[in-house]
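S.K.: pasting the sequence and the predicted model now:
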Amino acid sequence: MSTVPVNKQLMVQAIRRQAKGICSYELVDPDGHALEPFEAGAHIDMHLPGGIVRSYSLAGDPKDQTHWLIGVLREPASRGGSLALHDKVRVGDVIEVSPARNAFSMSSNATHSILLAGGIGITPLKSMAHELVATGASFELHYCARGPGNVAFANELKALVPPERLHFHFDDGEPSKGLDIAALLNDPSPGTHLYYCGPSGFMNACAEASSLWANDTVHFEHFKAPESQPSDLPEGSFEVHLVKSGEVIHVGPDQTIVRAIELTGRRVPTSCLSGLCGACKVTYLDGEVDHRDYILNDDEKTHCLTVCVSRAKGKTLSLDL
Ligand code: FES
């Protein structure tokens with residue numbers, strides 16, 4: 001069983017309105033200790049009022065150990081995480097926060113990087129921009145938003161990214177008036193890597209436009225599961241064999257593997273519980289997997305699964321637990 005990472009208590013040092021409906025939150029150690037550096041693209045889990053746990057990308061400079069920075073869009077129709085932050089969390093509050101974890105890593109092989117952000121999807125890409133500027137790497141950042149009033153971290157981005165590399169695209173709510181993503185990604189140069197994050201329509205457009213790129217040059221992170229979640233599909237029951245402990249667990253038709261394991265008194269690290277973050281990634285040793293996540297690449301799927309949403313295709317699955 002993998003070790004459950006230790007959470008820490010961090011204090012909200014500052015809350016700033018960044019754009020329409022978007023606030024940033026600066027988190028610091030209450031005793032003034034330095035935070036760990038994190039990898040560009042990483043996220044944290046925040047334990048919010050009401051027992052809600054949500055993942056947020058770190059948007060600050062990965063090398064800055066004085067504070068962690070997140071940006072959050074208030075979404076009244078969401079599952080409540082953004083409302084808890086916007087409506088209940090105030091400066092001075094102390095919040096339980098997980099260690100930073102990265103499921104959206106940058107490649108060290110890129111000769112050029114294209115960062116493509118849709119709306120609040122700018123947050124992990126901003127940390128990547130910090131990294132690329134610090135290393136002197138070649139990159140361009142495209143930030144798609146409804147209008148100037150919807151751009152988060154505008155001043156920081158303008159101060160950080162040279163103007164010839166920073167491109168804002170405004171569509172006034174109609175994607176056809178905004179950036180032509182297909183044209184931008186039409187002709188990938190060798191060595192160019194693509195990173196994108198944004199809402200589902202934007203993600204679909206980026207996926208389609210990059211469909212001919214080499215798999216290992218395209219990197220993306222969903223911050224919300226697409227609306228028709230595969231986990232909504234009917235589910236059959238199966239047995240899970242925990243190879244290290246020797247236990248055999250029954251997973252019922254409406255139960256996740258994580259839940260079935262928890263009912264035995266064991267714990268698997270989890271965060272989003274939606275197949276988005278990779279926190280619950282486990283190696284499987286035998287059986288066929290019905291992958292239902294949005295995070296693992298084809299190579300990882302040959303030996304890993306996310307046990308919060310993925311299931312067995314057959315009657316049994318052996319896990320390295
Ligand atoms: S808990 Fe996030 S992918 Fe499973």
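M.R.: That came through fine.

S.K.: pull out the buried positions in stretch 23-39.
M.R.: 23, 24, 25, 26, 27, 28, 29, 35, 38, 39 (16 or more other CB atoms under 10 Å). C-beta: built from backbone N, CA, C; applies to glycine.

S.K.: which residues touch it?
M.R.: 8-18, 58-59, 62-63, 65-72, 74, 85-86, 89, 94-95, 97, 99-100, 102, 105-106, 127, 152-153 (CB atoms under 8 Å, 6 or more residues apart in numbering).

S.K.: could you dump the buried residues of stretch 23-39 to JSON lines with secondary structure?
M.R.: Output for the buried residues of stretch 23-39, formatted as JSON lines (DSSP: H, G, I helix; E, B strand; the rest coil):
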{"residue": "23", "secondary structure": "strand"}
{"residue": "24", "secondary structure": "strand"}
{"residue": "25", "secondary structure": "strand"}
{"residue": "26", "secondary structure": "strand"}
{"residue": "27", "secondary structure": "strand"}
{"residue": "28", "secondary structure": "strand"}
{"residue": "29", "secondary structure": "coil"}
{"residue": "35", "secondary structure": "coil"}
{"residue": "38", "secondary structure": "coil"}
{"residue": "39", "secondary structure": "coil"}
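
S.K.: enumerate the residues of the protein near the ligand.
M.R.: 270-273, 275-280, 293, 295, 306, 308 (CB under 6 Å from any ligand atom).

S.K.: mind checking which of those residues are in strands?
M.R.: If you go by DSSP state E, the residues of the chain next to the ligand have residue 306 in strands.

S.K.: what's the closest non-adjacent residue to whichever residue of the stretch 101-250 of the chain sits closest to the ligand?
M.R.: Across the stretch 101-250 of the chain, no residue is closer to the ligand than residue 103, which sits at 7.9 Å (CB to the nearest ligand atom). Nearest residue to residue 103, sequence neighbours excluded (CB to CB, 6 or more residues apart in numbering): residue 278, at 3.9 Å.

S.K.: measure that neighbour to residue 42 for me?
M.R.: 11 Å (CB to CB, to the nearest Å).

S.K.: by proximity to the ligand, which residue of the stretch 1-150 of the chain wins?
M.R.: residue 55 (7.3 Å).

S.K.: and the pLDDT at that residue?
M.R.: Note on residue 55: pLDDT of 87.

S.K.: now render the buried residues of stretch 23-39 as CSV, adding pLDDT.
M.R.: Putting these into CSV (pLDDT from 0 to 100) gives the following:
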residue, pLDDT
23, 97
24, 97
25, 97
26, 98
27, 98
28, 98
29, 97
35, 96
38, 96
39, 97
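
S.K.: residue 205: what secondary structure?
M.R.: Using three-state DSSP, the secondary structure recorded for residue 205 is helix.

S.K.: ok, now which ones touch residue 17?
M.R.: Residue 17 neighbours (CB under 8 Å, 6+ apart): residue 23.

S.K.: can I take it that it is in a strand?
M.R.: Yes - assigned with three-state DSSP, residue 17 falls within a strand.

S.K.: just give me the neighbour total for the closest residue to residue 48 other than its chain neighbours.
M.R.: Closest residue to residue 48 apart from its sequence neighbours, by CB to CB, 6+ apart: residue 84 at 4.1 Å. By the criterion of other CB atoms under 10 Å, residue 84 has 18 neighbours.

S.K.: tell me the SS of residue 84?
M.R.: Here residue 84 is helix, with the state taken from three-state DSSP.

S.K.: that one reaches residue 53, doesn't it?
M.R.: No - Residue 84 is not in contact with residue 53 according to CB atoms under 8 Å; the separation is 10.3 Å.

S.K.: hey, what's the nearest residue to residue 286 once chain neighbours are set aside bridged with?
M.R.: In this structure, residue 286 finds its nearest non-sequential neighbour in residue 318, 3.8 Å apart by CB to CB, 6+ apart. Note on residue 318: beta-bridge partners by DSSP bridges are residue 241, residue 286.

S.K.: where exactly do the strands run in the stretch 101-250 of the chain?
M.R.: Assigned by DSSP state E, counting those that start in this stretch, the stretch 101-250 of the chain shows strands spanning 112-118, 139-145, 166-170, 192-197, 218-220, 238-242, 247-251.

S.K.: could you dump those into CSV and include mean neighbour count and mean pLDDT?
M.R.: CSV is the format used below for these (neighbours: other CB atoms under 10 Å; pLDDT from 0 to 100):
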stretch, mean neighbour count, mean pLDDT
strand 112-118, 25, 98
strand 139-145, 24, 98
strand 166-170, 17, 97
strand 192-197, 24, 98
strand 218-220, 21, 94
strand 238-242, 19, 95
strand 247-251, 16, 94
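
S.K.: buried ones only from the contacts of stretch 23-39, please, as a PyMOL command.
M.R.: A single PyMOL command selects the buried members of the contacts of stretch 23-39 (16+ other CB under 10 Å):
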select buried, resi 8+10+11+12+13+15+18+58+59+62+67+68+69+70+71+72+85+86+89+95+97+100+102+106+127+152+153
